[in-house]
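generate a structure from the sequence data that follows.
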Amino acid sequence: MKIEDSIKKINFGHNLSRKEISSVMNQILTGLASENQIKSFLLSLSSKGESVEEVIGSAEVMRSLSTKVPVNTKYLVDTCGTGGVGSGIFNVSTTAAFVASSCGAKVAKHGNRSATRKSGSADLLEVAGVSLDLNPQQVKDCIEKVGLGFMFAPAHHSAMKYAIGPRKELGIKTIFNLLGPLTNPAGALNQVLGVFDSKWIRPLAEVLKGLGSENVLVLHSEDGLDEISSASSTSIAELRGGEINEYSISPEDFGLKILPIENLKVSSPEESLQIAKEALRGENQAATQMVAMTSGAALYVAGLAGSLKEGIDMSLHNISEGRGLKKLDELVEYSQSL
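Residues are numbered from 1 along each chain as shown. Below you'll find the predicted structure:
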């Protein structure tokens, strides 16, 4: 299907089939569509609202064009969220990756620099001293030997260069805001995925089911985060055994307190690293709770914990033992040695 024909179909309010959107995405991501065509397509699709099949088809194309990290290991998991909530808090899921890794998970962390917040996952890791300039084999080595490797999105999704300009000019959320967390270059089938809007909780669980994922938690907190919040309840869609179940959790469900997050806001990667280290030392209760809940979720979907509660308890124990902080130091040292 030509991109101009797809725009007409969308503007009449019709969804594209998986085959149709695959054709269009191939045109966009191989440089066959003009910037104006890309803008028109993204705007029309966003106005109509992206369907599950459209997201699946787009993710399949983006995956096919990505530079893969060939990891074959048990307990592989990703904690990449969509971002885009504008909360300004420190990098919870990135910090949680160190704790989950210290508990035995193999974390294939996929991420980028910040688009809307003061510090993206890449910004935080760079300030911490982690080398981002690694090839796929080196990232694989980090995952298998340290238990955590970071896949810097631009290095693995070079085809995205064709969409960068149109996306910036539009200045709105488009289907590409959803595709990042769906296109892990290591093919992690277990995932904790925070989304920028609660309307995407169930649909993205359906998308990941369609893409062959195994154990997934898609979530959004009542106070508007793409994280499990320490200040409110969090809505979740869980994919497990091919079935999707929806429920809500609160810190109190796990013997934790409701704690405000205002003091977790940062204005730079350096500040984000400071709070991340406080969380890993157990010196900032709200930050530590959020990290432990996210790490616990990662351990649960990775198959290392039988429940969220067990995963959170394991995470809190390892934080108290200083193992999450030690894992950060390990990744810095190992990535710099490559």
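
C-alpha only now, for contacts and for neighbours.
Will do.

show me the shaky parts of the stretch 201-338 of the chain.
Counting by pLDDT under 70, the stretch 201-338 of the chain has no low-confidence residues at all.

strands of that one, residue ranges please.
With strands called from DSSP state E, counting those that start in this stretch, the stretch 201-338 of the chain shows them at 215-221, 234-240, 243-249.

need the winner for burial among the ones you listed.
strand 215-221 (a mean of 27; mean count of other Cα atoms under 10 Å).

which secondary structure elements does that strand contact?
When contacts are defined as 3 or more Cα pairs under 8 Å, 6 or more residues apart in numbering; DSSP states H and E, strand 215-221 packs onto strand 190-194, helix 201-210, strand 234-240, helix 285-302.

using CSV, list the CA coordinates for the second one.
This points to helix 201-210. Extracted in CSV, the C-alpha atoms of helix 201-210 (Å, rounded to 0.1, in the frame of the first residue of the first chain):
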residue,chain,number,x,y,z
ILE,A,201,-2.5,-0.4,29.4
ARG,A,202,-4.7,-3.1,28.0
PRO,A,203,-4.0,-2.5,24.2
LEU,A,204,-0.2,-2.7,24.7
ALA,A,205,-0.6,-6.0,26.6
GLU,A,206,-2.6,-7.2,23.6
VAL,A,207,0.1,-6.0,21.3
LEU,A,208,2.9,-7.8,23.2
LYS,A,209,0.8,-11.0,23.2
GLY,A,210,0.5,-10.6,19.4
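
quick one, helices of the stretch 51-200 of the chain?
Remark: helices assigned in the stretch 51-200 of the chain by DSSP state H, counting those that start in this stretch are 52-64, 92-102, 121-128, 136-141, 153-156, 161-170, 176-179.

among those, which is nearest residue 83?
Nearest to residue 83 among the helices of the stretch 51-200 of the chain is helix 176-179 (8.1 Å), distances taken as Cα to Cα.

ok, residues contacting the closest one?
Residues from elsewhere that reach helix 176-179 (Cα atoms under 8 Å, 6 or more residues apart in numbering): 55, 58, 59, 62, 82, 84.

look up how far residue 106 lies from residue 309.
20 Å (Cα to Cα, to the nearest Å).

residue 191 too?
Counting by Cα to Cα, the gap from residue 191 to residue 106 is 12 Å.

mutual contacts of the two, please.
residue 77.

now residue 156: closest residue in space that isn't a chain neighbour?
residue 67 (4.6 Å; Cα to Cα, 6 or more residues apart in numbering).

so residue 196 is in contact with residue 223, correct?
No: between residue 196 and residue 223 there is no contact under Cα atoms under 8 Å: 11.1 Å.

of those two, who's got more company?
Taking other Cα atoms under 10 Å, residue 196 and residue 223 do not tie; residue 196 has more neighbours (23 against 16).

residue contacts, the more buried one?
Going by Cα under 8 Å, 6+ apart, the list of residues near residue 196 reads 82, 83, 84, 85, 220, 224, 225, 226.

ok, the fourth one - contacts?
For residue 85, the residues meeting the contact criterion (Cα under 8 Å, 6+ apart) are 116, 196, 197, 224, 225, 226.

quick one: the residue nearest the centre of the chain from residue 293, how far?
In the chain, the C-alpha nearest the mean C-alpha coordinate belongs to residue 80, at 1.5 Å (Cα atoms, centre = their mean). Separation of residue 80 from residue 293 (Cα to Cα) stands at 15 Å.

go on, residue 15?
Residue 15 sits 37 Å away from residue 293, taking Cα to Cα as the criterion.

out of those two, which sits in the more crowded spot?
With neighbours defined as other Cα under 10 Å, residue 15 and residue 293 compare such that residue 293 has more, 28 against 20.

wait, the more buried one touches residue 312, no?
Yes: in this structure, residue 293 is within contact of residue 312 by Cα under 8 Å, at 5.3 Å.
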